[in-house]
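Asks: Quick one, structure for this:
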Amino acid sequence: MRISAVFPAHNEEENIEQAVTEMRDVLRSICGGDAYEVIVVDDGSTDRTAEIVEKLSELDPGVRLIRHETNLGYGQAVKTGLQAGSLDYVFFTDSDLQFDVWELERLISFLDRADVVCGYRIERQDPWNRRFIAKGWNYLVRVLFYVPVRDIDCAFKIFKREALEGLSIESVGALINTELMIKLGRSGYGVAEVGVNHFPRAGGEQSGAKVSVIFTAFRELLRMRRYLKNIDMQERHHARRRALRGRV
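Replies: Reported below is the predicted structural model:
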């Protein structure tokens with residue numbers, strides 16, 4: 001089994017070495033003699049994140065660093081990493097150590113029946129304000145769209161690479177997970193969910209509850225709504241034309 005593992009990272013110097021090292025050990029165990037790669041997308045960090053990853057890559061050619069010179073946003077970092085993954089399966093998770101990457105083995109066991117396997121947090125271990133915002137966000141997304149998973153923003157997902165090929169992703173912020181799952185679900189790809197453990201952040205700062213992040217998410221949400229509405233109108237138009245032709 002050949003797996004590309006992606007870590008988006010912004011100012012994660014306290015966590016990134018442990019995250020990469022643990023991920024490398026997991027992939028060595030799962031992939032055996034097959035190829036693996038750990039891709040860290042440094043999204044304009046101002047701390048030692050990139051420096052630490054560069055040193056790790058010197059010791060292990062399976063570790064790759066991709067740098068954004070400026071902070072382009074979480075969604076753009078995820079997108080860059082997913083597009084850079086070159087192996088048969090692409091996995092991504094956050095670099096803040098809130099997941100046990102050994103639980104990737106549980107997701108892999110479902111890949112024989114699904115194209116995408118997503119984790120859902122059994123018990124979310126974030127501050128109350130972030131949990132509150134996340135609950136409201138999940139409710140809003142479900143009202144506006146059909147989403148084939150219960151924990152839309154859980155950053156613990158593995159994709160068959162062919163499911164990502166040709167997929168157009170526009171989100172640069174927190175909507176990235178929503179956009180991915182909506183478009184994959186509408187394209188007919190099979191999705192499975194597996195419960196995973198979630199842990200408090202050990203170090204560094206969370207940015208998900210920042211006003212700028214929330215504003216970007218809502219702006220992208222409205223854009224996604226308009227995009228899907230236009231697609232639905234086009235589909236209805238084509239269906240109507242096919243129906244009219246059938247009556248002639």
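Asks: hey, where'd the strands end up in the chain?
Replies: 3-9, 36-43, 63-68, 89-93, 116-121, 156-160, 191-196 (DSSP state E).
Asks: Same list, those strands, but as CSV with distance to F110, mean pLDDT and mean neighbour count please.
Replies: To be clear about C-beta, it is placed using only N, CA and C from the backbone, and glycine gets the same treatment. What follows is these, written out as CSV (distance: least, C-beta to C-beta, whole Å; pLDDT from 0 to 100; neighbours: other C-beta atoms under 10 Å):
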stretch, distance to F110, mean pLDDT, mean neighbour count
strand 3-9, 14, 97, 27
strand 36-43, 19, 97, 26
strand 63-68, 27, 97, 19
strand 89-93, 12, 97, 25
strand 116-121, 5, 95, 23
strand 156-160, 9, 97, 23
strand 191-196, 4, 95, 18
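Asks: Out of the ones you listed, flag the one nearest A174.
Replies: In terms of C-beta to C-beta, the element of the strands of the chain nearest to A174 is strand 3-9, at 11.7 Å.
Asks: how about the strands of the chain in TSV, adding distance to I52?
Replies: TSV is the format used below for those (distance: least, C-beta to C-beta, whole Å):
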stretch	distance to I52
strand 3-9	10
strand 36-43	9
strand 63-68	9
strand 89-93	18
strand 116-121	26
strand 156-160	22
strand 191-196	26
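Asks: Tell me which of those strands approaches G81 most closely.
Replies: strand 3-9 (3.3 Å).
Asks: can you tell me how far A77 sits from I158?
Replies: 18 Å (C-beta to C-beta, to the nearest Å).
Asks: if we compare the strands of the chain, which one ends up closest to L140?
Replies: L140 lies closest to strand 116-121 among the strands of the chain, at 17.9 Å (C-beta to C-beta).
Asks: What pairs with that closest one, parallel or antiparallel?
Replies: In the sheet, strand 116-121 lines up against strand 156-160 (antiparallel), strand 191-196 (parallel) (DSSP bridges).
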